[in-house]
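Trainee: The sequence isn't on hand, but the structure is:
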């Protein structure tokens, strides 16, 4: 008889080795939003700690260099990328993930890395490493951008500690505001769904204005307390932002936000106003008249008016050769049996098809439905789209459009999980070919 194979390692060591191999494989496997190793709440702490450890090593290397050089710029750029990869992904995760423990862990990772970034932004040695004399081309652009970021965050300010404390408070207020906005929606749903649907249908469809007004006010009363809290927190947030801007020498938070690298683009409120007035299609022109026209429509009449406009004026909309019918029948004005909230104005598949067509027409890129890895998508309704320029893969866009419990990103939102860029190997790495970082974006809805 053949002898059974025996292990050269004791059983306990075999089990331990197997666990380490499984753990190592799991850390390399794509997880949340395609990011390697992000599969559960416990992975966020590990991800943040590992990124900060690598950044601290680069920070020591900058200090050891002793002078600004192309190498210090490369190190600073690497530090920024390491932390932003965690912070940007954590910002998305804490806003959309269905599991509370994962959202909490992502939020803690975000706060930890954000506090560490504040520390780095006040490091005068890192700022000095951006002042590379004689730099040209991509190195000069990167150096100027990093230098402007340090100066905007007050690297020379005598109130660095106060600014850092205020920014922590701002982040806390932003999270509280997101939670309250979600709470407003929940409180407005305290009524039984049948009663709420009836009131909403009255606001949409009732021909008598008084009935629409009573139904509208009944719906609004459910979330009145939460709305007052929203206004309170929003006011506190605006005050803290204005205080940070003044401490850093800016007249307003808008001026602070617009100040950045010397790109020659929109860098002041005047630039923004000029763009919106001229090249932005005249957005600001006639703003007062449009505001007055909006005020002429009472809020309880607005949805009813829009319903009729959709029925009469948007019977069919052509986008890239695709037609969308606006009512169930596709013809005629609003009927008494039509519930406008149920109309297939724009089905999701039709909207995605229009998006693909518009991207092709405007940018010459192909947007394709794509397969996702296990654990990459965090909810059943999320879908992945890949973007190509011919055969060249450019990046990923995730569509997360349906409402669900725990989803803090209310309404329409956009998250940049990872920026796409082409890297010049002559500057960044003399030994490798040119590299390309693929972008990852996330589009959120609450429908």
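Mentor: All right, it came through fine. Note that the structure is a prediction, hence the values are computed from the model and not measured. Numbering: from 1, shown residues only.
Trainee: any low-confidence regions in the stretch 151-300 of the chain?
Mentor: 182-194, 222-223, 260-265, 279-296 (pLDDT under 70).
Trainee: All the strands of it, residue numbers only.
Mentor: With DSSP state E, counting those that start in this stretch as the criterion, the stretch 151-300 of the chain has no strands.
Trainee: Show the low-confidence segments of the stretch 301-447 of the chain, by residue range.
Mentor: For the stretch 301-447 of the chain, applying pLDDT under 70 flags the ranges 308-347, 408-411, 421-437, 446-447.
Trainee: What of the stretch 1-150 of the chain?
Mentor: Those would be 1-28, if you go by pLDDT under 70 across the stretch 1-150 of the chain.
Trainee: quick one, helices of it?
Mentor: Residue ranges of the helices in the stretch 1-150 of the chain, as given by DSSP state H, counting those that start in this stretch, are 11-28, 41-65, 70-96, 100-121, 124-128, 137-152.
Trainee: Quickly compare these and say which is most buried.
Mentor: helix 70-96 (a mean of 21; mean count of other C-beta atoms under 10 Å). C-beta here means a position set from N, CA and C on the backbone, and glycine is covered the same way.
Trainee: Which other helices and strands does that helix contact?
Mentor: Packed against helix 70-96 by the contact rule (3 or more C-beta pairs under 8 Å, 6 or more residues apart in numbering; DSSP states H and E) you find helix 41-65, helix 100-121, helix 137-152, strand 413-418, helix 425-428, strand 439-444.
Trainee: can you do 7 Å?
Mentor: helix 41-65, helix 100-121, helix 137-152, strand 413-418 (3 or more C-beta pairs under 7 Å, 6 or more residues apart in numbering; DSSP states H and E).
Trainee: quick one: the third one to helix 70-96, angle?
Mentor: Translated: helix 137-152. 60 degrees (axes from the mean of the first three to the mean of the last three C-alpha atoms, to 10 degrees).
Trainee: Likewise for the shortest one?
Mentor: Note on geometry: by the same axes, to 10 degrees, strand 413-418 and helix 70-96 are set 140 degrees apart in direction.
Trainee: How about strand 413-418, which residues are buried there?
Mentor: 413, 415, 417, 418 (16 or more other C-beta atoms under 10 Å).
Trainee: Neighbouring strands of it in the sheet, and parallel or not?
Mentor: Within its sheet, and counting by DSSP bridges, strand 413-418 is paired with strand 439-444 (antiparallel).
Trainee: so how far is the partner strand from its chain's centroid?
Mentor: Chain-centre distance of strand 439-444: 7 Å, with C-alpha atoms, centre = their mean, to the nearest Å.
Trainee: How about stretch 353-366?
Mentor: The answer for stretch 353-366 is 22 Å, by C-alpha atoms, centre = their mean.
Trainee: about what we covered before: for residue 171, which of the helices and strands packed on helix 70-96 is the nearest?
Mentor: Set against residue 171 and scored by C-beta to C-beta, the helices and strands packed on helix 70-96 come closest in helix 100-121, at 6.4 Å.
Trainee: Regarding residue 405, what is its secondary structure?
Mentor: coil (DSSP: H, G, I helix; E, B strand; the rest coil).
Trainee: if I look at the closest residue to it other than its chain neighbours, how far off is residue 33?
Mentor: What sits nearest to residue 405 in space, not counting adjacent residues and going by C-beta to C-beta, 6 or more residues apart in numbering, is residue 98, at 7.3 Å. From residue 98 over to residue 33 the distance is 14 Å, taken as C-beta to C-beta, to the nearest Å.
Trainee: These two: which is more packed in?
Mentor: Neighbour tally, residue 98 and residue 33, criterion other C-beta atoms under 10 Å: the higher count belongs to residue 33, 25 against 13.
Trainee: what's near enough to touch that one?
Mentor: Residues near residue 33 by C-beta atoms under 7 Å, 6 or more residues apart in numbering: 89, 92, 376, 398, 417, 440, 442.
Trainee: now those in TSV, with distance to residue 181?
Mentor: What follows is the contacts of residue 33, written out as TSV (distance: C-beta to C-beta, whole Å):
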residue	distance to residue 181
89	22
92	17
376	27
398	22
417	22
440	25
442	18
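Trainee: Return the member of those nearest to residue 114.
Mentor: Distances from residue 114 to the contacts of residue 33, taken by C-beta to C-beta, are shortest for residue 89, at 13.1 Å.
Trainee: my read: the closest one touches residue 35, true?
Mentor: Yes: with contact defined as C-beta atoms under 7 Å, residue 89 reaches residue 35; the gap is 5.7 Å.
Trainee: Am I right that the residue nearest to residue 405 is in contact with residue 381?
Mentor: No: judged on C-beta under 7 Å, residue 98 makes no contact with residue 381 at a distance of 10.3 Å.
Trainee: what's the distance between the residue nearest to residue 405 and residue 45?
Mentor: On the measure of C-beta to C-beta, residue 98 and residue 45 end up 20 Å apart.
Trainee: Repeat that for residue 122.
Mentor: Counting by C-beta to C-beta - residue 122 and residue 45 are separated by 25 Å.
Trainee: Longest strand in the protein, by number of residues?
Mentor: When the chain is parsed with DSSP state E, its longest strand is strand 392-400.
Trainee: Alright, I will stop here.
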